[in-house]
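Chemist: Fold the following for me, if possible:
(4 chains, ligands or ions: 4)
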There are 2 protein chains.
Amino acid sequence: MSDELLRALDQAGVRLTGPRREIAALIAKRNGHFTAADLIADASKRRLGVGRATIFRLLDLLAEQGLVERVDLPDGRHAYVPCEPSHHHHLVCVACGAIAEVEDCGIDAVTAEASRRSGFTIDSHRLELFGRCPNCRSAN
Amino acid sequence: MSDELLRALDQAGVRLTGPRREIAALIAKRNGHFTAADLIADASKRRLGVGRATIFRLLDLLAEQGLVERVDLPDGRHAYVPCEPSHHHHLVCVACGAIAEVEDCGIDAVTAEASRRSGFTIDSHRLELFGRCPNCRSAN
DNA sequence: GCACACAATGAGACCCAGTATCAATCCCCC
DNA sequence: GGGGGATTGATACTGGGTCTCATTGTGTGC
Ligand SMILES: [Zn+2]
Ligand SMILES: [Zn+2]
Ligand SMILES: [Zn+2]
Ligand SMILES: [Zn+2]
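Modeler: Numbers count the residues shown, from 1 in each chain, chains lettered A, B, ... in the order given. Ligands and ions are numbered 1, 2, ... in the order given. Next up is the predicted model:
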């Protein structure tokens, strides 16, 4: 479950403290995207004594390591998605929050063309796809 | 300058009030992206009596009409970009905030392929490109 | 041009995400 | 097992954005 996250953190030379283990477990138990507020609520519901600040700090750490990625939802909320530390994008179900990963984004051609026309150099890009997962589509 | 915004609002059946005209003028005077806080600062600097709430309300309205688009900066801030109400994306200079528009995003193929593999239906997408404009690149 | 119904405004309180601070505590390595 | 530096949590704080509501301003029909 959360072993994967913990192993990756350990590998990166991060101390595996009690609170971090507990938060990692909370993340592992979630599916789809989640917000910091979700984790804070989870933690308080289970009366783990972890503070808000610690949760934000761990999320920053995980994001740095690419183990989690920030997604900006269409409504402006900031959410996180657990993911592989390689370049890819996310397909977000707007109904239930389920996530699918898009491995090869294939927009290098798009960025190259945009760069040529505009004269900008392009350092990075962000692509998010929003729709409905198979479950939510049929449940409709 | 701001006539374009005002005309579009009028066309949409929105009341052209004094505060809205003033805020539209502030937006027209900006170039590149701006945040709500920027506009609030502008307004207070010129001692226009417009309230914070009015600025947020107009931004929502403009966004609804597609006259302005929300951009999530890499650092998580929410900014706005004045733009045409047609599908397109933005190329944002991370150094000075300059904006270029990418007319044809050309990622329909990407979304179609992602949809096929994942079983999701895709309603919308968001693509943002970050880099440096020609000025900032040479100024380096 | 005038009055009226109703949308819009602004002041302020309010809420929530995220950050800063700092003394107490905990890991990890020796 | 001990020591030193990283981590933690309580708390205060900031800043973005929303809500409320009494007051004002707009467009409209006459
Ligand atoms: Zn779904
Ligand atoms: Zn990509
Ligand atoms: Zn620039
Ligand atoms: Zn597009």
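Chemist: Could you use CA atoms for every contact and neighbour count after this?
Modeler: Noted.
Chemist: Kindly list the longest strand within chain A.
Modeler: Scanning chain A for the strand with the most residues, using DSSP state E, yields strand A:121-132.
Chemist: Can you name every helix or strand that that strand contacts?
Modeler: Packing partners of strand A:121-132 (3 or more CA pairs under 8 Å, 6 or more residues apart in numbering or on different chains; DSSP states H and E): strand A:89-93, helix A:108-118, strand B:121-132.
Chemist: looking at these, which is buried most?
Modeler: Of the helices and strands packed on strand A:121-132, the one with the most neighbours on average (mean count of other CA atoms under 10 Å in any protein chain shown) is strand A:89-93, at a mean of 24.
Chemist: picking up where we left off before, so for the longest strand of chain A, mean pLDDT?
Modeler: In this model, strand A:121-132 has a mean pLDDT of 90.
Chemist: picking that back up, I'd like the helices and strands packed on strand A:121-132 written out as JSON lines, with distance to DNA strand C added.
Modeler: Below are those laid out as JSON lines (distance: least, CA to the nearest atom of the strand, whole Å):
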{"stretch": "strand A:89-93", "distance to DNA strand C": "18"}
{"stretch": "helix A:108-118", "distance to DNA strand C": "28"}
{"stretch": "strand B:121-132", "distance to DNA strand C": "19"}
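Chemist: does ligand 1 sit close to stretch A:130-140?
Modeler: Yes - for stretch A:130-140 and ligand 1, the contact criterion (CA under 5 Å from the ion) is met by A:133, A:136.
Chemist: And that stretch, how far out from the chain middle?
Modeler: Taking CA atoms, centre = their mean, to the nearest Å, one finds the center of stretch A:130-140 at 20 Å from the center of the full chain.
Chemist: And for stretch A:40-60?
Modeler: Distance of stretch A:40-60 from the chain centroid (CA atoms, centre = their mean) equals 17 Å.
Chemist: For that stretch, measure first residue to last.
Modeler: The first and last residues of stretch A:40-60 sit 15 Å apart, counting by CA to CA, to the nearest Å.
Chemist: and the residue lying farthest from the centre of chain A, what does it touch?
Modeler: Note on chain A: the largest C-alpha distance from the chain mean falls to A:Arg117, namely 32.3 Å (CA atoms, centre = their mean). If a contact means CA atoms under 8 Å, 6 or more residues apart in numbering or on different chains, then A:Arg117 has no contacts.
Chemist: hmm, back to that, for DNA strand D, which of the helices and strands packed on strand A:121-132 is the nearest?
Modeler: Nearest to DNA strand D, of all those, is strand B:121-132, at 17.5 Å by CA to the nearest atom of the strand.
Chemist: Describe which strands that closest one pairs with in its sheet and in which direction.
Modeler: Here strand B:121-132 has these sheet partners by DSSP bridges: strand A:121-132 (antiparallel), strand B:89-93 (parallel).
Chemist: tell me what the following helix or strand past the shortest one is packed against?
Modeler: Note on strand B:89-93: by DSSP states H and E, the next helix or strand toward the C-terminus is strand B:99-102. Counting contacts by 3+ CA pairs under 8 Å, 6+ apart, strand B:99-102 is packed against strand B:89-93.
Chemist: Let me see the mean pLDDT of the strand it packs on.
Modeler: For strand B:89-93, the mean pLDDT works out to 91.
Chemist: circling back to that earlier point, the longest strand of chain A vs helix A:108-118, what angle?
Modeler: 130 degrees (axes from the mean of the first three to the mean of the last three CA atoms, to 10 degrees).
Chemist: ok, residues contacting strand A:121-132?
Modeler: Strand A:121-132 has contacts (CA under 8 Å, 6+ apart) with A:71, A:89-95, A:111, A:115, B:111, B:120-134, B:137.
Chemist: filter those residues down to the ones near ligand 3?
Modeler: By CA under 5 Å from the ion, the members of the contacts of strand A:121-132 lying near ligand 3 are B:Cys133.
Chemist: got the buried residues for stretch A:82-100?
Modeler: Residues of stretch A:82-100 classed as buried: A:82-83, A:88-94, A:97-100 (neighbour count, 16 or more other CA atoms under 10 Å in any protein chain shown).
Chemist: ok, A:Ser86 - contacts?
Modeler: Here A:Ser86 is in contact with A:Gly66 (criterion: CA under 8 Å, 6+ apart).
Chemist: mind checking the SS state of it?
Modeler: The local conformation at A:Ser86, judged by DSSP: H, G, I helix; E, B strand; the rest coil, is coil.
Chemist: what do you get for A:Phe56?
Modeler: Under the three-state scheme (three-state DSSP), A:Phe56 adopts helix.
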